[in-house]
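[1] Fold the following.
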Amino acid sequence: MIHWLQHTTGGLLTLAAVSIAVLLVLIIKLKLEPFIALIVVGLLTALAAGLPVGTIVGSAQKASDSLLEKGFGSILGHITAIIGLGTILGSILERSGGAKVLTSALLRSFGEKRAPLAMGVAGFVFGIPVFFDIGIFVLAPLVYVAAKQGGKSLVLYAMPLLAGLSITHAFLPPHPGPVAAAGLLHVELGWIILMGLACGIPAFLIGGVLYSTWIGKRIVVDVPEDMVFAEEEGEKEANPPSLGLVAAIIAVPLVLILAGTFGSIWLPKGSALAGVAAFIGTPAVALTVAVLLASWLLGLRRGFTGKDLNELAAKSLRPVAMILLVVGAGAFFGAVLSATGIGKAVADSLHDAGLPVLLAAYVISCGMRIAQGSATVAIVTTSGIVAPTVAQLGYSQVQLALLVMAISAGSIIASHVNDGGFWIVSRYFNLTVPQTLKSWTALETVLSLSGFGVSALLMAVV
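    This next block holds a predicted model:
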């Protein structure tokens, strides 16, 4: 029995299925923190597969070569600075009033009739540097105002905003899900940005524009008259930042990362210009430049002190710790799957069954999302599961980026009662549970299917 479990394809696949089932039970039933559950299941899987203890955890004298430390360290060294700097950048843009400037300008440009689309574009743009829930907290008051002025259902204005925020959260750096997947699957972030836009924009148009307009006319929700819409402290500035400045600061890291990615392709190897492009296009360097610009132009020049910026950074980074732990534990779990031979067994089985890896990754991600609710956990866990399989296939950078998009698309499907975002949407936009299911849950499913559909089409032609 033990030999069958550890050395045959059927046994390894059984071990993989049991591992994932135990992981879900620990997270869903026992309410164990995902990062603890991933460590526990990773250790148990490694032991059940017969890996030596020294390989799994090392020894008292040396643990640096162990699966546990290498699993955590390999991914955290890649993403920690990126996620931390991206979080600080978003907090400065939020506190400075950049969100209100951006949204107000879009509302003026699009006009009252196209206000829902303006909210969607605001969510898409402002969602790049800020987390999903922060985007709702900051932009929700502007949705209320637009809905009151338009005299139509709150759903008509809220859903496009939520679509924009959801797409950027799942598909684009510096959000933790796509950044972690890029690290686990060894994809340059420049390609993640390009494929994220290529898959995310069509999904946004289908879900955030077409579906949101359709459902917004069928679910009528009024803005409560007694709701007080207090503006953020930073949005009370008498002299808000200009739209051009806000847009430029958001664009800086994206442009620099893309320059680094394509500079390595187009510029002569070993040239000084190629070296400059590689340096400034390194994601950590690009985001450092953006944070320094934001600190000066949106902070110090507008009356912030160094102490204010330090406190803002410290406050914004507190929620990041748990995200990093989840990502590190997911990378360890993936390293175990690779070391045990489970990854190769899965690859061989997919090949024999004729099931494309892209579809398999999407289905696994959907299952993880529906089962435990977190998009980031779904992306990290799925990437860890498929990484050993993908390593056998010789995918190009574009193909790997599209695989990340399929995983990301699966991670946002069918948000329901086990997802914190479900309750934030319900509370902030005055929706009952049935209304939230019909609007928000359905919207997430449309975005997921659309994003995966585009990634599959692009994969067929690259």
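[2] Could I get the buried residue list for the helix or strand of the chain with the lowest mean pLDDT?
    Lowest mean confidence among the helices and strands of the chain (mean pLDDT, DSSP states H and E): helix 342-353, at a mean of 73. Residues 342-347, 349-350 are the ones in helix 342-353 that count as buried (16 or more other C-beta atoms under 10 Å). (Glycine included, C-beta is placed from N, CA and C.)
[3] Ok, stretch 174-190 next?
    174-185, 187-190.
[4] Give me the distance between the two termini of it.
    From its first residue to its last, stretch 174-190 covers 11 Å (C-alpha to C-alpha, to the nearest Å).
[5] Off-centre distance for it?
    Computed by C-alpha atoms, centre = their mean, to the nearest Å, the chain-centroid distance of stretch 174-190 equals 9 Å.
[6] One more: stretch 300-311?
    Averaging C-alpha positions (C-alpha atoms, centre = their mean) puts stretch 300-311 29 Å from its chain's average.
[7] Give me the contacts around it.
    If you take C-beta atoms under 8 Å, 6 or more residues apart in numbering as the criterion, stretch 300-311 is touched by 92, 96, 237, 239, 241, 295, 299.
[8] Dump these to JSON lines, plus distance to A48.
    Shown next, in JSON lines, are the contacts of stretch 300-311 (distance: C-beta to C-beta, whole Å):
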{"residue": "I92", "distance to A48": "47"}
{"residue": "S96", "distance to A48": "52"}
{"residue": "E237", "distance to A48": "58"}
{"residue": "N239", "distance to A48": "63"}
{"residue": "P241", "distance to A48": "56"}
{"residue": "S295", "distance to A48": "50"}
{"residue": "G299", "distance to A48": "52"}
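[9] Please pick the buried ones from the residues you listed.
    92, 96, 237, 241, 295, 299.
[10] Least confident of these?
    Least confident by pLDDT among the buried ones among the contacts of stretch 300-311: that is E237, with 53.
[11] before we move on, back to that, so what does the least confident helix or strand of the chain touch, helix or strand wise?
    Helix 342-353 sits against helix 9-24, helix 357-372, helix 375-390, with contacts defined as 3 or more C-beta pairs under 8 Å, 6 or more residues apart in numbering; DSSP states H and E.
[12] And the last one, what does it pack against?
    So the one you mean is helix 375-390. Applying 3+ C-beta pairs under 8 Å, 6+ apart, one finds that helix 375-390 contacts helix 9-24, helix 154-171, helix 176-185, helix 320-340, helix 342-353, helix 357-372, helix 397-410.
[13] can you tell me the distance between the two ends of stretch 202-210?
    End-to-end distance of stretch 202-210 (C-alpha to C-alpha): 11 Å.
[14] So what's the gap between the helix or strand hosting P141 and the chain middle?
    Assessed by DSSP states H and E, P141 sits inside helix 132-150. Offset of helix 132-150 from its chain centre (C-alpha atoms, centre = their mean): 21 Å.
[15] before we move on, what about stretch 83-97?
    16 Å.
[16] all numbers from here: first residue = 56
    That works, and once the first residue is 56, the last one we named lands at stretch 138-152.
[17] what ranges of the stretch 406-517 of the chain fall below the confidence cut-off?
    For the stretch 406-517 of the chain, the stretches with pLDDT under 70 are 406.
[18] one step back: can I get the buried residues of helix 397-408 in a markdown table with distance to A433?
    Formatted as a markdown table, those follow (distance: C-beta to C-beta, whole Å):
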| residue | distance to A433 |
| --- | --- |
| I397 | 19 |
| G398 | 18 |
| K399 | 23 |
| A400 | 22 |
| V401 | 17 |
| A402 | 21 |
| S404 | 21 |
| L405 | 19 |
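[19] For the residues you listed, work out which two are farthest apart.
    Maximum pairwise distance in the buried residues of helix 397-408, criterion C-beta to C-beta, is 12.5 Å, between I397 and L405.
[20] follow-up on the earlier one: check the buried ones among the contacts of stretch 355-366 and tell me the two furthest apart.
    The most widely separated members of the buried ones among the contacts of stretch 355-366, counting by C-beta to C-beta, are E292 and S350 (16.3 Å).
[21] and the direction of the longest helix belonging to the chain versus that of helix 375-395, what angle?
    Across the chain, the longest stretch assigned as helix under DSSP state H is helix 122-150. What separates the directions of helix 122-150 and helix 375-395 is an angle of 150 degrees, with axes from the mean of the first three to the mean of the last three C-alpha atoms, to 10 degrees.
[22] about what we covered before: which of the buried residues of helix 397-408 sits closest to A369?
    Using C-beta to C-beta, the buried residues of helix 397-408 come closest to A369 at G398, 39.3 Å.
[23] do you know how far that closest one is from A390?
    Remark: distance between G398 and A390 (C-beta to C-beta, to the nearest Å) = 10 Å.
[24] Quick check: L216 touching G175?
    Yes: when contacts are counted by C-beta atoms under 8 Å, L216 is listed as touching G175 (6.1 Å).
[25] picking up where we left off before, need the buried ones among the contacts of stretch 355-366 in TSV with distance to T436, can you?
    Formatted as TSV, those follow (distance: C-beta to C-beta, whole Å):
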residue	distance to T436
I147	31
S151	36
E292	42
P296	39
S350	35
G354	37
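[26] Tell me the one among those residues nearest to A101.
    Once C-beta to C-beta is applied, the member of the buried ones among the contacts of stretch 355-366 that ends up nearest A101 is I147, at 42.1 Å.
[27] Enumerate every residue touching the closest one.
    By C-beta under 8 Å, 6+ apart, I147 lies in contact with 346, 349-350, 353-354, 364, 367.
[28] same thing but at 6 Å, please
    Neighbour list for I147: 349, 353 [criterion: C-beta atoms under 6 Å, 6 or more residues apart in numbering].
[29] and what of V509?
    By C-beta under 6 Å, 6+ apart, the neighbours of V509 are 254, 257.
[30] hmm, try it at 7 Å
    By C-beta atoms under 7 Å, 6 or more residues apart in numbering, the contact list for V509 reads 253-254, 257-258.
[31] So which of the residues you listed are in helices?
    Of the positions in those, 253-254, 257-258 sit in helices, assigned by DSSP H.
[32] how about S470, secondary structure?
    The three-state assignment at S470 reads coil, by DSSP: H, G, I helix; E, B strand; the rest coil.
[33] Now do it against Q427, distance only.
    To Q427, S470 is 12 Å away according to C-beta to C-beta.
[34] shaky segments in this protein?
    Residues of the chain meeting the criterion pLDDT under 70: 280-293, 402, 406.
[35] can you list the domains in it?
    What the TED database lists as the domains of the chain is 57-121, 124-224+295-377.
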